[in-house]
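S.K.: Just a sequence and a predicted model for now, questions to come.
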Amino acid sequence: MPLENLTRARIITALNLLGLRAQQEGVELELCIYGGSAMMLAYSSRETTKDVDAIVRPSEVALRLASRWHPHPWLKITRPSASYLLAMKSGIIRRPTSLHEVAVESGAYAEFGRNLKDFLHEFAFAKKRGLALEPLLSEEPPRLAGRFEQGRICDAFLAATADYLARVNGIQTPAWALNQDRVLDEPWFSEELPIVRLLLLRDIPSAFKDKNVFVFDSALKVA
């Protein structure tokens, strides 16, 4: 059974139950929540999230106990980058507030995905507060093509994201997002299954299709 998006209250309930069950089994869990979930718990910076990013020890026990609250993998045990951990330890952790910052702070493909996700929450938060959205998209991100293997895909994805967000929010698409050198030579699909690819070909937002990037718009749903 799928799990609906987690609210701040539901996360607190789930974590309390996780701690209670660990106590009942005589297990001591070490848990450190980071990313968007941490921001939501600390500052109520958004209304919901799909999962909880955390560093947990022992991880196998935590996942087993977490599944008793809900079979959906709501507790996402990951290993953030060293730079992220250093920033978190130093108390200076922050989320990217522009697509330019997403690129600047991404040294690997996994970091790009996490940074883009955090930016989308910042964008949604700015929109909710009635702030100007153009500054979040206007500055051209540095190229990632030479930084890691999937960098060329990320360059196209950033341009598509800027164009998509501009269109759905009724603002002007920044010029850099329309550059032809940010269009992929070959189509890139976020899913491998042929039947899913057919759905992507049918449902892809034009801003992504123009860049040869095929992904469901649900990937940007938070914004």
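M.R.: Okay, I see it. The shown structure was predicted, so the numbers you read here are calculated from the model rather than taken from an experiment.
S.K.: mind checking how far His121 is from Lys127?
M.R.: For His121, the distance to Lys127 (C-beta to C-beta, to the nearest Å) stands at 11 Å. Quick note: C-beta positions are derived from backbone N, CA and C, even for glycine.
S.K.: Report the buried residues of stretch 189-208.
M.R.: Applying a neighbour-count criterion of 16 or more other C-beta atoms under 10 Å, one finds 189-190, 200, 204-205, 207-208 buried in stretch 189-208.
S.K.: What count of nearby residues applies to Leu144?
M.R.: 24 (other C-beta atoms under 10 Å).
S.K.: Give the pairing partners of the lengthiest strand in the chain; include direction for each.
M.R.: The residue-count maximum for a strand in the chain (DSSP state E) belongs to strand 52-57. Applying DSSP bridges, strand 52-57 is found paired with strand 30-33 (antiparallel), strand 75-77 (parallel).
S.K.: so which of those strands gets nearest Arg114?
M.R.: Among those, the nearest to Arg114 by C-beta to C-beta is strand 75-77 (10.9 Å).
S.K.: Which segments of this structure make up each domain?
M.R.: In terms of domains, the chain is parsed into 6-90, 99-220 (source: automatic domain parsing).
S.K.: out of the ones you listed, deepest packed?
M.R.: domain 99-220 (a mean of 17; mean count of other C-beta atoms under 10 Å).
S.K.: circling back to that earlier point, export the domains of the chain to a markdown table and append columns for mean pLDDT.
M.R.: Formatted as a markdown table, these follow (pLDDT from 0 to 100):
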| stretch | mean pLDDT |
| --- | --- |
| domain 6-90 | 77 |
| domain 99-220 | 90 |
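S.K.: quick one: the strands in this protein?
M.R.: Here the chain has its strands, by DSSP E, at 6-7, 30-33, 48-49, 52-57, 75-77, 188-189, 213-214.
S.K.: could I get the strands paired with strand 52-57 as TSV with distance to Phe216?
M.R.: Listed next are the strands paired with strand 52-57 as TSV, based on distance: least, C-beta to C-beta, whole Å:
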stretch	distance to Phe216
strand 30-33	27
strand 75-77	19
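S.K.: Please, where are all the helices along this structure?
M.R.: For the chain, the helices defined by DSSP state H cover 8-24, 36-43, 59-69, 82-90, 99-104, 109-128, 134-138, 151-168, 194-203, 206-209.
S.K.: what's the first one packed up against?
M.R.: Using 3 or more C-beta pairs under 8 Å, 6 or more residues apart in numbering; DSSP states H and E as the contact criterion, the secondary-structure elements in contact with helix 8-24 are helix 36-43, strand 52-57, helix 59-69.
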